[in-house]
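>>> My questions are about this predicted structure, shown below with the sequence.
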Amino acid sequence: MSDLDPSEVFGSRLPLAQAYHDSLATDGSIRGFIGPREVPRLWERHLLNCAVIGDVMPEGARVIDVGSGAGLPGIPLAIARPDLDITLIEPLLKRSNYLSEVKELLGLDNVTVIRGRAEEGPVKKAVKGADIVTSRAVAPLGKLAKWSLPLVKVGGEMIALKGESVHEELERDAAELKRAGAGKAEVTTIKGTTIIRVPRVN
């Protein structure tokens with residue numbers, strides 16, 4: 001991941017990515033959204049590895065970021081792929097306020113912020129029928145599928161950033177995935193970022 005060039009990932013929108021990086025490093029860190037030890041690694045571990053998942057998303061897709069936190073992966077995705085229609089779902093007030101501030105700061109017209117939880121009725125109603133639901137470090141795979149897959153249309157998919165334990169989670173949570181309407185999951189790596197793609201089949 002360290003050999004990825006931010007200008008290749010973000011192109012002409014690199015100044016927006018830089019502004020988001022600077023916001024996370026200062027305001028985000030002060031407000032407790034990003035740990036102090038993460039600040040030197042923001043590009044490599046946070047912005048770049050979130051943005052590259054856009055490589056597997058079709059043009060103009062409606063994307064939901066569940067449990068967005070400080071905007072990861074949704075904000076880097078929205079910067080790298082302005083064609084995507086991205087909704088950030090975050091239950092905590094102070095984080096959802098920050099997301100709204102970042103949206104305004106960067107002028108991200110393709111971003112909507114919703115305060116709430118993915119499993120809540122009003123949230124489901126507002127975002128259902130999306131093409132893709134994405135997330136990072138939110139919950140174990142089975143629980144994540146239960147929250148995420150109802151938000152996507154049949155034929156859509158969940159694309160989650162996961163770590164080394166993803167294969168163990170897949171084996172452990174197979175029954176929960178099936179109950180959530182999941183088809184055959186695929187674990188893959190995009191430019192150093194491990195993701196799991198789970199289609200919704202019913």
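Structure received.

>>> so what's the residue located most distally from the centre of the chain up against?
Most distant from the centre of the chain: A175, at 24.1 Å, with distances by C-alpha atoms, centre = their mean. A175 makes contact with G142, according to C-beta atoms under 8 Å, 6 or more residues apart in numbering. Where C-beta positions appear, they are placed from N, C-alpha and C, glycine not excepted.

>>> Please point out which parts of whatever helix or strand it lives in sit buried.
Element membership for A175 (DSSP states H and E) is helix 174-179. Using 16 or more other C-beta atoms under 10 Å as the burial criterion, the residues of helix 174-179 that qualify are 176-177.

>>> CA atoms of it as PDB?
Extracted C-alpha coordinates of helix 174-179, given in PDB (Å, rounded to 0.1, in the frame of the first residue of the first chain):
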ATOM      1  CA  ALA A 174     -21.900 -18.700   6.900                       C
ATOM      2  CA  ALA A 175     -25.400 -19.400   8.300                       C
ATOM      3  CA  GLU A 176     -26.000 -15.800   9.200                       C
ATOM      4  CA  LEU A 177     -24.900 -14.700   5.800                       C
ATOM      5  CA  LYS A 178     -27.300 -17.100   4.100                       C
ATOM      6  CA  ARG A 179     -30.200 -15.900   6.400                       C
END
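
>>> Can you show me the strands along this structure?
62-66, 85-90, 111-115, 130-136, 152-161, 186-190, 193-199 (DSSP state E).

>>> Please produce a markdown table containing those, extended by mean neighbour count, distance to K146 and mean pLDDT.
Shown next, in a markdown table, are these (neighbours: other C-beta atoms under 10 Å; distance: least, C-beta to C-beta, whole Å; pLDDT from 0 to 100):
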| stretch | mean neighbour count | distance to K146 | mean pLDDT |
| --- | --- | --- | --- |
| strand 62-66 | 26 | 11 | 98 |
| strand 85-90 | 25 | 15 | 98 |
| strand 111-115 | 21 | 19 | 98 |
| strand 130-136 | 24 | 12 | 97 |
| strand 152-161 | 21 | 10 | 97 |
| strand 186-190 | 12 | 19 | 96 |
| strand 193-199 | 20 | 11 | 97 |
